[in-house]
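Engineer: Just the structure for this:
(2 chains)
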Amino acid sequence: MTAAAKLPVSLAANPRLSSWVRFAADGEVTLSPGKVEIGQGIVTALAQIAADELDVDIARVKMVRASTSASPNEGVTSGSLSIQHSGRAIRQACAEIRQLFLTAASDRLGVDPAALAISDGTISGPGNVRTSYWELADEVSLDRDATPLAAPKSVTQRALAGHSVQRVDIPDKVFAHPRFIHDTALPGMLHGRVLRPDISRAKLADLKEDGARAVPGLVAIVRDGSFSGVVCETERSADTALGALRKGATWSEGEALPDENDLAAFLKAQPVESTVIDTRTATKAGAKARTVRRQYTRPYIAHASIAPSCAMAQWSGDRVRVWTHSQGVYLLRADLALVLKLPADNITVEHMEGAGCYGHNAADDVALDAVLLARAAGGRPVRVQWSRADEMTHTPFGAAMAIEIEADLDAQNEIVGWRHSIWSNGHAARPGRASQPALLAAFELEQPFPRMISANPPQANGGGGDRNSIPLYDFPSWTIESHRLLTMPVRTSALRTLGAQGNVFAIESFLDEIAIERGEDPVAFRLRHLTDERAKDVIRAAARRANWKPAPKSGIGHGIGFARYKNTGAYCAVVAEIEGEEDIRVRKLWVAVDVGEAINPDGVTNQIEGGAIQATSWVLKERVRFDTARITSNSWTEYPILRFSEVPAVEVDVIQRPEADPVGAGEAAHGPVTAAIANAVFDCLGVRVRNLPITRDSLIAAMELS
Amino acid sequence: MSTTRFRLNGVATEIDADPDRVLLDILRGQLGLIGPHFGCGAGECGACHVIVGDHAVTACDTPLWSVADKEVITLEGLGSLERPHPLQRAFIAEQAMQCGYCVPGIMMSAAALLKQNPKPSETEVRHALDRNLCRCGSHNRIVRAVLRAAGELADDLASP
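Structural biologist: As a prediction, the model looks like this:
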C-alpha cells in the first residue's frame, strides 16, 4: 500500500500541511478547512478536532473562511460528509503537526519527545523546560506534505471531541455582529437586481429601458440575451429600477409545466435513462403466493431558505473577486470560468455565511448574476440579492418522485421478492462538475449554454434519486431500478437527502403495511429482518423511548420509520405520535441516532432536531405549486412551512460510539421521520397516504381510494 | 422629503426621507444596522422584526411615518457582549439556532412578549413567535431559550 493511499481523502487531495493549519504569532492557531458553515455547526466541530489533537484551548483556534485563494479544495459542503472529509483530514494533519513540533521541541530543549507534554500550546518537559508552538513556528515548516505515519489520539486521550461545546458562530449572531454576507458592505458598493420572468423559461423579446433610466441612482442597465438587470447606487433605487424594467419587458411564450395534480403520470411518461441500481438473487427461491404493488409519490420541494440568495462581485481588469454563500467555492469558480471564458486563476471566490440552504439553492446562481452585473460597474463592487419570489420560483427544487414497489409474498405473507422502481429527475445539477455550467444566467445569455439536465451521483457516492433505495432488510431477492428523466421542465437539483426521503418513505410505508397485514408488530418485523446490530440498536432505542407501542387511544396514532442514511452513514430510527382527524398534527417525535463518534453531541442533537422538524414540515405542508405556465408558490403564503405552534416535541437519543468513524447528522432524520408520520397516520385513521404531502386533501383522496 | 424623528435603541434619531419609505430600508440603508434582516419584504417571515413601542412589527412593510416620535428597538439595542440581555444569554446557553438568520427577528418578538408578559407559558411563547418563520427547525430550542430568559428575568425581579 502506498503512503498516500492511507491519508484521509481530503488530505490526500490537499496534502500541504500549511494549507490546513498555521500558527499565528499572537498565540492563535488558524485552521483553514475547505468546508463551509451553513448553519450546521461544522466550523465548531472542526475547531474541536484541531484543538484536541494539538492540545490547545479551542478559543485559540481561528477559523478561516474558505476561499479559492488559499483553502484546501474539498469540493462541496454537502451530503453530510464534512465531518468525514474535513474532520478526518484535520485530525490526521494535526496529529502530524503535533509530532513535528514535539520533535523540534525535543531538539531545542534536549528532552526526549516522549517526556514532553503539551498544554494549551505550551510544550514542557522535566526540569521545567518549556517552549510553545508559537516559539517554534519559525523552525517547523508546515510547507510539507502530510504523511499517514502520525497516529491521532486514541478515544480516551481526546478531551474535546465527543463533548458538547458551544458553537463559535452563535455569539455574533445574537449580538448583531456581522457574519452574514447579507450584512456585509464593501467600500463603494453598488446594488444590483436581475429581471426574471414569471412565465417558466420565457425569453426576453423586447426591453424598453426608458423607465429604468429615469430612476435616480441608476448606474447601468445590463442586457445579454434574456438576461437583464440593473445596477444602482442604493438597494432602494435598484428595486425601483427593476420595477421599471419589468414594466418595459416583453416576454415570449415559455415552456409548459406538467400537471401538478398528476406528477406520477408525468414522471412515468417522460423519456428516461434506466439503470439497475442493485440486484440480489435468492439462493433458494421462496414460493410466491401473490404480488402486492404500491406506488408512492413526493412532490417538488423548495429549499425555501429564509434569506434570499445574495452575492457580491468586483472586477479589476480581467480579474474578478466574488463573495458567495455557495457550498463549493472551487466548483462555483469552475463554472464562472466556463461562462466568462476566463482562466480559473483570474477568479477568486470567497465564502461568507448565508442562511441555511439545505442543498443546492440559488447561492451559485446569484453569484453569476453579481459577476455579470458588476462588469458594468466600473470596478466598483456590486451586491445582488434575489427577491423572495425569485428565491421561491427560480432556484432548483428537490425533484418530484414516483416510486413503485412490488413485493412477492409467500403463503405466510413473508417477503420473498422485492422490486423497487423510481421515476424522477436527477437530484444533482451542481456547478463545477461538467463541461457546461449549471448556473441560471448562463442559460439566459444571448449565446446561451444548454440547460443542464440533472444527473444522479453514483451509488458509490450515495446515489441520487436512488439514494436509500436498496433495502437494509434481509429480503431474499430484489431488483432496484432508477429511471432518470431526460427532460426537465421544472429545474431540480440537490435538496437535503436527495432521493432518500422518498425512498425511505416508500420502503418503510410498505413494510409497515405488510407487517400489519401479517398481524406482526412493525418494530418486531423490522428487527427480524435486520442483521446489523447498530441498525437494531437505534430501532430499539427509539421504541424504548416511546414506550412502544403505547396503548391505542382514539384520535392518536404511532408509527415507526428507520434508515441508515445512504446505507453507509448515520443510523436513525423515529417513532412519531400524531393526532389526527381532518388535519394531522404531529405531537412528538422520538429519534434515536448513531453517527459513530459524535464530535459535538449537542451539535448532532441540534442537526437531528432540525432535520426532524424540517421533515415534518415537508410531510404536512410542502409542495411546489404551478400551473401550466408558471411556478405559483412564490411566497410564504403560497408555500407555507411549519410554524412554532405546529412544531412537534422532539426527543433525541444520540448513541455514542467513540470507536466508530464519525459521520454526518444533517440528513439522517428526514426519511425516517417521513415514514414514521405516514405510518402513524395509518395507525390513527386506518388510511395509507402514499402521496406526499399528507394534507386534508391527500387524506380524503387516500380514503376514497381505500 | 421631510424629517421623521424617533428614538432608535434609546438614541434620538432624525431621518430626512420620504415618510412612506419602509422602516427596514431606512434601518439597514441610511442607518447601517444589520440586526433586522430582509427575508421576504411582505411581512410574512418575521426576519425583520423590530420593537416599536411595546410590539414587534415587521419593519419590511412598516412605513417610516408610523414610527414618528416612537421608540424603536432592534437587536443592536437589546444588549451587548458586555451587557447582554437575558434573551441573548439564553440563546447562547440553549444553542438556539442553526443558521441564525431568522434569530434577530425572533429575539425581538420574544423581547416584546417578555415586556408584555414576563412569565409566559410555553404555549404563549409559541403563539408569540408564530409570525416568525425558522427554516432550520430550531423552534424548540428557541422556545426553551425564551422560557429560560423569562425565568432569569423573574429571578432578577425577585432578588433584592
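Engineer: Could you pull up the contacting residues of A:Pro489?
Structural biologist: A:Ser200, A:Glu255, A:Ala256, A:Leu257, A:Pro258 (CB atoms under 8 Å, 6 or more residues apart in numbering or on different chains). The way it works is simple: take the backbone N, C-alpha and C, and place the C-beta from them, glycine included.
Engineer: Run through the residues that contact the third one.
Structural biologist: Residues in contact with A:Ala256, defined by CB under 8 Å, 6+ apart, are A:Pro489, A:Thr628, A:Ala629.
Engineer: Could you single out the nearest of those to chain B?
Structural biologist: Using CB to the nearest CB, A:Ala629 is the member of these that sits closest to chain B, with 22.5 Å.
Engineer: which residues does the spatially closest residue to the closest one that is not a sequence neighbour bridge with?
Structural biologist: Once flanking residues are discounted, A:Ala629 sits nearest to A:Ile199: 5.1 Å by CB to CB, 6 or more residues apart in numbering or on different chains. Beta bridges link A:Ile199 to A:Arg630, judged by DSSP bridges.
Engineer: Hmm, A:Leu257 and A:Ile199 touching each other?
Structural biologist: No - counting by CB atoms under 8 Å, A:Ile199 does not reach A:Leu257; the two are 9.7 Å apart.
Engineer: out of these two, which sits in the more crowded spot?
Structural biologist: A:Leu257 (19 against 16; other CB atoms under 10 Å in any protein chain shown).
Engineer: Save the contacts of A:Ala256 as JSON lines, and put in pLDDT and distance to A:Ala214 too.
Structural biologist: Shown next, in JSON lines, are these (pLDDT from 0 to 100; distance: CB to CB, whole Å):
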{"residue": "A:Pro489", "pLDDT": "97", "distance to A:Ala214": "37"}
{"residue": "A:Thr628", "pLDDT": "96", "distance to A:Ala214": "36"}
{"residue": "A:Ala629", "pLDDT": "97", "distance to A:Ala214": "31"}
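Engineer: where along chain B do the helices fall?
Structural biologist: B:23-28, B:75-78, B:86-93, B:103-116, B:122-128, B:139-158 (DSSP state H).
Engineer: which one of the ones you listed has the lowest average pLDDT?
Structural biologist: Among those, helix B:139-158 carries the lowest mean pLDDT, a mean of 92.
Engineer: what's the nearest residue to the residue nearest to the spatial centre of chain B if we skip its chain neighbours?
Structural biologist: By CA atoms, centre = their mean, the mean C-alpha position of chain B lies nearest to B:Met108, the distance being 1.9 Å. Distance criterion CB to CB, 6+ apart; nearest residue to B:Met108, sequence neighbours excluded, is B:His49 at 4.2 Å.
Engineer: do you know how far the residue nearest to A:Arg179 when sequence neighbours are not counted is from A:Thr281?
Structural biologist: Closest residue to A:Arg179 apart from its sequence neighbours, by CB to CB, 6+ apart: A:Asp172 at 4.5 Å. Separation of A:Asp172 from A:Thr281 (CB to CB, to the nearest Å) stands at 56 Å.
Engineer: repeat for A:Thr103
Structural biologist: In terms of CB to CB, A:Thr103 sits 56 Å off from A:Thr281.
Engineer: Same check on A:Ala675?
Structural biologist: 27 Å.
Engineer: more neighbours, the two?
Structural biologist: Higher neighbour count among A:Ala675 and A:Thr281: A:Ala675, with 30 against 9, using other CB under 10 Å.
Engineer: so that one sits in a strand?
Structural biologist: No - counting by DSSP: H, G, I helix; E, B strand; the rest coil, A:Ala675 is not part of a strand but helix.
Engineer: export the contacts of A:Ala256 to JSON lines and tack on distance to A:Lys553?
Structural biologist: Formatted as JSON lines, the contacts of A:Ala256 follow (distance: CB to CB, whole Å):
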{"residue": "A:Pro489", "distance to A:Lys553": "45"}
{"residue": "A:Thr628", "distance to A:Lys553": "45"}
{"residue": "A:Ala629", "distance to A:Lys553": "47"}
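Engineer: just those residues now: which is nearest A:Ala12?
Structural biologist: A:Pro489 (40.7 Å; CB to CB).
Engineer: in which helix or strand would I find that closest one?
Structural biologist: For A:Pro489, there is no host helix or strand (DSSP states H and E).
Engineer: Just the buried residues of stretch A:562-578, please?
Structural biologist: By 16 or more other CB atoms under 10 Å in any protein chain shown, the buried positions in stretch A:562-578 come out as A:562-567, A:569-578.
Engineer: ok, of these, which one's closest to chain B?
Structural biologist: Using CB to the nearest CB, the buried residues of stretch A:562-578 come closest to chain B at A:Val574, 13.8 Å.
Engineer: Toward the C-terminus from whichever strand or helix holds that closest one, list the very next helix or strand.
Structural biologist: Secondary structure from DSSP H and E places A:Val574 in strand A:571-580. Downstream of strand A:571-580, the first helix or strand assigned by DSSP H and E is strand A:584-594.
Engineer: now the following helix or strand past that following strand against strand A:571-580, angle please.
Structural biologist: The C-terminal neighbour of strand A:584-594 among helices and strands, as given by DSSP H and E, is helix A:601-621. Put simply, helix A:601-621 runs at 40 degrees to strand A:571-580, going by axes from the mean of the first three to the mean of the last three CA atoms, to 10 degrees.
Engineer: what does whatever helix or strand comes next after helix A:601-621 contact?
Structural biologist: For helix A:601-621, the following helix or strand on the C-terminal side (DSSP H and E) is strand A:649-654. Under the contact criterion CB under 8 Å, 6+ apart, strand A:649-654 has outside partners A:541-542, A:545, A:587-595, A:598, A:601, A:604-605, A:608-609, A:612-613, B:140.
Engineer: repeat for stretch A:156-167
Structural biologist: Residues contacting stretch A:156-167 (CB under 8 Å, 6+ apart): A:41, A:44, A:48-49, A:51-52, A:58, A:155, A:597-603, A:656, A:658, B:92, B:95.
Engineer: Kindly recompute the last result at 6 Å.
Structural biologist: A:Gly41, A:Thr44, A:Gln48, A:Ile49, A:Ala51, A:Asp52, A:Ile599, A:Asn600, A:Pro601, A:Asp602, A:Pro658 (CB atoms under 6 Å, 6 or more residues apart in numbering or on different chains).
Engineer: For the nearest residue to the fifth one once chain neighbours are set aside, grab phi and psi.
Structural biologist: Setting aside the residues directly before and after it, A:Ala51 is nearest to A:Ile58 in space (CB to CB, 6+ apart), at 4.2 Å. The phi/psi pair for A:Ile58 (degrees, to the nearest 10) reads phi -60, psi -20.
Engineer: For chain B, see how far away A:Ile58 is.
Structural biologist: 15 Å (CB to the nearest CB, to the nearest Å).
Engineer: count of neighbours near that residue?
Structural biologist: Neighbours around A:Ile58, by other CB under 10 Å: 17.
Engineer: Can you name the residues of chain A that neighbour chain B?
Structural biologist: A:39, A:170, A:173-176, A:178, A:183, A:236, A:306-307, A:355-356, A:388, A:602, A:610, A:613-614, A:636, A:643-645, A:647 (CB under 6 Å from any CB of the partner chain).
Engineer: so what's residue 152 up against?
Structural biologist: Answering for chain A, as no chain was given. A:Arg91, A:Ala95.
Engineer: try chain B instead
Structural biologist: Taking CB under 6 Å, 6+ apart, one finds B:Pro86 in contact with B:Glu152.
Engineer: circling back: can I get the helices of chain B in CSV with distance to A:Leu204?
Structural biologist: Below are those laid out as CSV (distance: least, CB to CB, whole Å):
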stretch, distance to A:Leu204
helix B:23-28, 28
helix B:75-78, 40
helix B:86-93, 45
helix B:103-116, 35
helix B:122-128, 45
helix B:139-158, 41
